[in-house]
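Peer 1: what follows is a predicted protein model with its sequence.
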Amino acid sequence: MAEKYITQSKLKKNTLSDIFIIILNKKQTTRREIEYETGFSWGTVSSNIAFLLEKGYIVEEKSEQSGNVGRSTYTLKPASEGIVSIGLDINRSGLSCEVVGLDSSVKNNFTADFSATTQNELIREAENICQRAIEWCKNNEQKIFSMGIAIQGAVDGRHGISLKFPGISDWKAYNIKDHFAQKFDLPVYLGHDPKCMLLGEICLQKSDNCLLVRIDDGIGMAVSLDGKILDDTERLEIGHTVSVPNGKICSCGKRGCLEKYASVSAIAESANTSKAEIFACPEKYESEITDAGDHMSLALYNMYVIFKPQKMILTSDCVHLEKYVERAISLVKNEDLEICIKHDVSAAYGAAVESMKSAVKAFVI
């Protein structure tokens, strides 16, 4: 049953959440800035800061104010040691897991090959890599604050459900969020993998109006406008828009999906070889690579026309294929648009950072 009234306890929790999220987002702030930004009283700000300091979630540093001899200010920052979040990326190209501090610094990372052919096998592989990260945290006296999961395929992030995972024929809609929360006794955030990548980019640098496209075995997209992720329902499945009417049958069951013509796995299929061979000898498969890039170019131009981003990021395996990237950006390169080709955008990192903000709601006061 939904709560009819806001209790005193819930009010305190919401106030604490608002203050902590400001500190996480700004990375460095003061009590006065928090008081001004939230409208909370000085006493309310101070009491909540005291709680966060006591628990070790934040630290306070004293620094001299420039131009004010003898006066000092106290800066509040997320803790850099002792408390971490774990981020997991579940993707057909491989599994990755990152341990991230509350200050957004990466403490360690783990990788594993993706070999699952069934839903149960995939969940076990994901659990195993998480367990490696958890053991590292225990051995290094790091308290785990939360877990974030980025996953490929159709996702209902609001309810924590993976609706469909490409390439797994027996996949049934499953509450991944609840499963991992119960397995590891942690608050868990679940998001679509390109969305988590973009969340990480927003955390690391200003990406107010940005379109990110991840191209590897699949194709995923996320968009931010004014620094906020546009697609709350996580259904911007550009990879499953129709590229070739009545074309090849995709893993999603539809015909002619862009993913079957412009993904890295599509290049390997067209060339009748392995992905490893494509990357090892790209000049040998220039025709297939160029054709895939041409399919991608129209899709990117259409997305540019629809969303008018200031920045476009292409990331994942595709960026290692120079001819692919060259053709893919051919229709947008002369537009008023910053194009970034990045191989190191991490969905696991973005999932970990976002899980911290989500987990704040679970504070016990």
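Peer 2: Nice, I can see it. Numbers count the residues shown, from 1 in each chain.

Peer 1: C-alpha only now, for contacts and for neighbours.
Peer 2: OK.

Peer 1: would you state the strands of the stretch 201-350 of the chain in chain order?
Peer 2: In the stretch 201-350 of the chain, the segments counted as strands under DSSP state E, counting those that start in this stretch are 210-215, 219-225, 228-229, 311-315, 338-342.

Peer 1: wait, which of those strands is closest to residue 248?
Peer 2: strand 219-225 (15.9 Å; CA to CA).

Peer 1: the helices in the stretch 151-300 of the chain, which residues?
Peer 2: With helices called from DSSP state H, counting those that start in this stretch, the stretch 151-300 of the chain shows them at 176-184, 193-204, 259-262, 264-271, 275-280, 286-307.

Peer 1: least reliable of those by average pLDDT, please.
Peer 2: Confidence, taken as mean pLDDT, is least for helix 193-204 of those (a mean of 90).

Peer 1: least trustworthy helix or strand in this structure by mean pLDDT?
Peer 2: Lowest by mean pLDDT, DSSP states H and E among the helices and strands of the chain is helix 8-26, with a mean of 78.

Peer 1: rewinding a little: quick one, which of the strands of the stretch 201-350 of the chain is packed in tightest?
Peer 2: Ranked by mean neighbour count, the strands of the stretch 201-350 of the chain are led by strand 210-215 with a mean of 25 (mean count of other CA atoms under 10 Å).

Peer 1: what mean pLDDT does it get?
Peer 2: Rounded mean pLDDT across strand 210-215 is 93.

Peer 1: sort out which residues of stretch 52-64 are buried, please.
Peer 2: Buried residues in stretch 52-64, counting neighbours by 16 or more other CA atoms under 10 Å, are found at 52, 53, 57, 58, 59, 60.

Peer 1: my bad, should have said stretch 179-186
Peer 2: Quick answer for stretch 179-186 (16+ other CA under 10 Å): 180, 186.

Peer 1: how far off centre is that stretch?
Peer 2: The chain centroid and the centroid of stretch 179-186 are separated by 19 Å, computed with CA atoms, centre = their mean, to the nearest Å.

Peer 1: nearest to residue 180, out of the strands of the stretch 201-350 of the chain?
Peer 2: Residue 180 lies closest, by CA to CA, to one member of the strands of the stretch 201-350 of the chain: strand 219-225, at 23.5 Å.

Peer 1: just checking: what are the partner strands of that closest one?
Peer 2: strand 210-215 (antiparallel), strand 228-229 (antiparallel) (DSSP bridges).

Peer 1: pull the residues that contact that strand.
Peer 2: Outside strand 219-225, the residues within contact range by CA atoms under 8 Å, 6 or more residues apart in numbering are 193-195, 198, 207-214, 229-231, 236-239, 259, 263, 309.

Peer 1: ok, of those residues, which come out buried?
Peer 2: 193-195, 198, 207-214, 229, 236, 238-239, 259, 263, 309.

Peer 1: so for residue 129, what's the pLDDT?
Peer 2: At residue 129, pLDDT is 98.

Peer 1: burial count for it?
Peer 2: 18 (other CA atoms under 10 Å).

Peer 1: what's the angle between the helix or strand where it lies and helix 176-184?
Peer 2: In the assignment (DSSP states H and E), residue 129 maps to helix 119-139. Counting by axes from the mean of the first three to the mean of the last three CA atoms, to 10 degrees, helix 119-139 lies at 50 degrees to helix 176-184.

Peer 1: burial count for residue 14?
Peer 2: Residue 14 has 15 nearby residues by other CA under 10 Å.

Peer 1: what residues are up against residue 282?
Peer 2: Residue 282 is in contact with 289, 321, counting by CA under 8 Å, 6+ apart.

Peer 1: nearest residue to residue 116 in space, please, no chain neighbours.
Peer 2: Leaving aside its chain neighbours, residue 116 sits nearest to residue 122 (5.0 Å; criterion: CA to CA, 6 or more residues apart in numbering).

Peer 1: cool, and residue 60?
Peer 2: residue 76 (4.7 Å).

Peer 1: helix/strand/coil for that neighbour?
Peer 2: What DSSP: H, G, I helix; E, B strand; the rest coil gives for residue 76 is strand.

Peer 1: so it sits against residue 33, correct?
Peer 2: No. Applying CA atoms under 8 Å, one finds residue 76 not in contact with residue 33, separated by 10.3 Å.

Peer 1: now do the shared contacts for the two.
Peer 2: Common neighbours of residue 76 and residue 33 (CA under 8 Å, 6+ apart) do not exist.
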